[in-house]
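Need a 3D model of the following:
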Amino acid sequence: MQKITHILRDRLEAEKKFLVDGKRTIAKQNIVTLSNMSLAAAIIGVLTLIFGYMFMPTVYESLALSYGMPIEDIAEYSKFVPAKAHIAFIVVAILFCVASMLYRFKGKASPRVVTLMSLAFEITLYVFVIAIDIFAHRETPGCFMAMVIIACSAGLFFSTKVTSVVNISFTAVYIICDLFYKVDYPTVWPYDVFFALTGFCIAVAAGEHFRLFQVSSFVTRMRYKSLSMRDPLLENIYNKRGYEDAIDNYLVANNPNVSCSFIVLDLNDFKHINDNYGHDMGDQILKCMSDTLVSLFRDSDIIGRFGGDEFIVLADGLNDEDAVEKKCRYIAELIGRRAQETGAIKVFSSLGAVLCDGQNVDFNRLFEIADEAMYEAKERGRKADQFILRRYTDAPKEQ
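Alright, predicted model coming up:
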């Protein structure tokens with residue numbers, strides 16, 4: 001029992017993370033599914049009308065002949081008269097199809113808007129199913145509920161909680177309405193209840209399989225993406241591709257009001273360490289640097305290595321000059337102390353930092369300023385820790 005509880009908890013935690021980190025992926029999938037499902041619903045509605053007009057009289061006549069009944073006795077039932085709900089359903093399905101198609105090809109889809117559209121479509125489907133299966137045709141068994149609940153559960157992605165609430169609620173409403181409204185047809189309502197419950201059970205299994213597949217696929221993709229964006233030697237920080245992608249996302253989310261500090265850090269005479277103490281010692285120093293940076297900054301800050309012994313840090317919200325200077329000098333001091341503990345000689349660092357205070361920031365310009373500051377610090381002397389601070393400015397316009 002404890003093992004089952006543990007598995008369910010891990011499953012729900014993974015889904016929760018997917019709903020947050022993969023919301024754009026979910027939105028893209030749902031808007032495609034919504035446009036396809038609404039188109040299919042409209043086509044099924046039209047085909048049902050065509051079937052009713054063309055074949056229903058023949059079906060009833062065949063049944064009458066099979067049971068030896070006069071054709072006149074079933075004349076009333078053989079005439080196909082579409083319900084108003086049926087016509088309205090086709091119109092609404094077409095409207096949903098057009099709206100979702102337009103929004104789908106618009107470009108970036110808002111996760112919130114797509115979720116609301118998808119949920120509205122699913123609820124609308126259930127309302128029309130109840131209207132058509134139960135209220136429009138009391139004398140005949142319903143045939144759409146099981147089909148709709150399975151299609152929605154296996155097609156549109158919502159959280160387990162939302163899916164369960166919607167499916168349970170409308171299945172219960174369907175059965176209650178069926179029992180009260182078709183009570184005079186004892187050969188019909190048991191059929192409706194049985195197939196509604198059967199469809200619900202299949203929908204639970206299909207929906208769980210669908211969500212589990214989506215979550216597992218997302219977790220696998222994120223794991224490989226994370227591995228591809230991590231430094232092969234220093235796995236706790238980003239490589240060049242990783243930190244560029246992370247910083248681009250940060251700037252997109254925060255421009256034009258970026259408040260942060262951006263730091264470029266480089267060891268002095270690192271080649272001397274590799275040549276005199278070996279590359280294993282050099283690797284230990286690099287690990288010491290990455291571990292120090294990770295320990296001094298938050299998980300939300302971006303730390304990366306862009307080559308050799310050069311590291312970058314983007315610290316969100318850290319834009320006070322005194323605080324940044326104190327932080328940078330402490331970084332250099334701590335790296336030197338920890339490196340010396342590994343058995344190497346005393347190492348010194350050169351740091352260039354840039355402050356952004358509620359500005360519109362371009363990454364290339366940000367890196368350029370910090371890199372220039374770091375090299376200027378290095379030119380001041382390689383036998384001591386050096387630090388230079390700059391404020392972010394736009395690139396000068398060409399004359």
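
low pLDDT regions in the stretch 251-399 of the chain?
Segments of the stretch 251-399 of the chain classed as low confidence (criterion: pLDDT under 70) are 342-345, 395-399.

cutoff 80 now
Scanning the stretch 251-399 of the chain with the threshold set as pLDDT under 80 gives 269-282, 299-300, 307-308, 339-346, 382, 395-399.

With the stretch 1-150 of the chain instead?
Along the stretch 1-150 of the chain, the parts satisfying pLDDT under 80 run over 1-24, 49-83, 106-109, 136-141, 143.

For it, which segments count as strands?
Taking DSSP state E, counting those that start in this stretch as the criterion, the stretch 1-150 of the chain carries no strands.

the helices in it, which residues?
2-21, 23-66, 75-78, 84-104, 111-130, 145-155 (DSSP state H, counting those that start in this stretch).

and of the ones you listed, who's closest to residue 305?
For the helices of the stretch 1-150 of the chain, the distance to residue 305 is smallest for helix 2-21, at 23.9 Å, taking C-beta to C-beta. Placement of C-beta: from N, CA and C, glycine included.

Can you list the neighbours in contact with that closest one?
Identification of contacts with helix 2-21 by C-beta atoms under 8 Å, 6 or more residues apart in numbering yields 26, 159, 160, 211, 212, 214, 215, 216, 218, 219, 222.

so the nearest residue to residue 347 once chain neighbours are set aside is in which element?
The spatial neighbour of residue 347 that comes closest, neighbours along the chain excluded (C-beta to C-beta, 6 or more residues apart in numbering), is residue 339 at 4.6 Å. Per DSSP states H and E, residue 339 falls inside helix 321-341.

how far off helix 321-341 does the helix or strand following that helix point, in degrees?
As assigned by DSSP H and E, the chain's next helix or strand after helix 321-341 is strand 349-359. Taking axes from the mean of the first three to the mean of the last three C-alpha atoms, to 10 degrees, one finds that strand 349-359 is oriented at 150 degrees with respect to helix 321-341.

hang on, the earlier thing: so the residue nearest to residue 347 touches residue 348, yeah?
No: assessed by C-beta atoms under 8 Å, residue 339 is found out of contact with residue 348, at 9.7 Å.

which of these two has more neighbours?
With other C-beta atoms under 10 Å as the criterion, residue 339 and residue 348 differ in neighbour count, and residue 339 comes out ahead with 24 against 18.

dump the residue contacts of that one.
With C-beta under 8 Å, 6+ apart as the criterion, the residues that contact residue 339 are 285, 288, 289, 346, 347.

Of the residues you listed, grab the buried ones for PyMOL.
If you want just the buried ones from those in PyMOL, going by 16 or more other C-beta atoms under 10 Å, the selection is:
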select buried, resi 285+288+289+347
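
Turn the contacts of residue 339 into TSV, columns for distance to residue 309.
Formatted as TSV, these follow (distance: C-beta to C-beta, whole Å):
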residue	distance to residue 309
285	8
288	11
289	7
346	15
347	9
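
which one of the contacts of residue 339 is nearest residue 106?
In terms of C-beta to C-beta, no member of the contacts of residue 339 lies closer to residue 106 than residue 289, at 45.7 Å.

Give the closest residue to the closest one in space, chain neighbours not counted.
Distance criterion C-beta to C-beta, 6+ apart; nearest residue to residue 289, sequence neighbours excluded, is residue 335 at 5.4 Å.

what about that neighbour, how many neighbours?
The number of residues packed around residue 335, counting by other C-beta under 10 Å, is 25.
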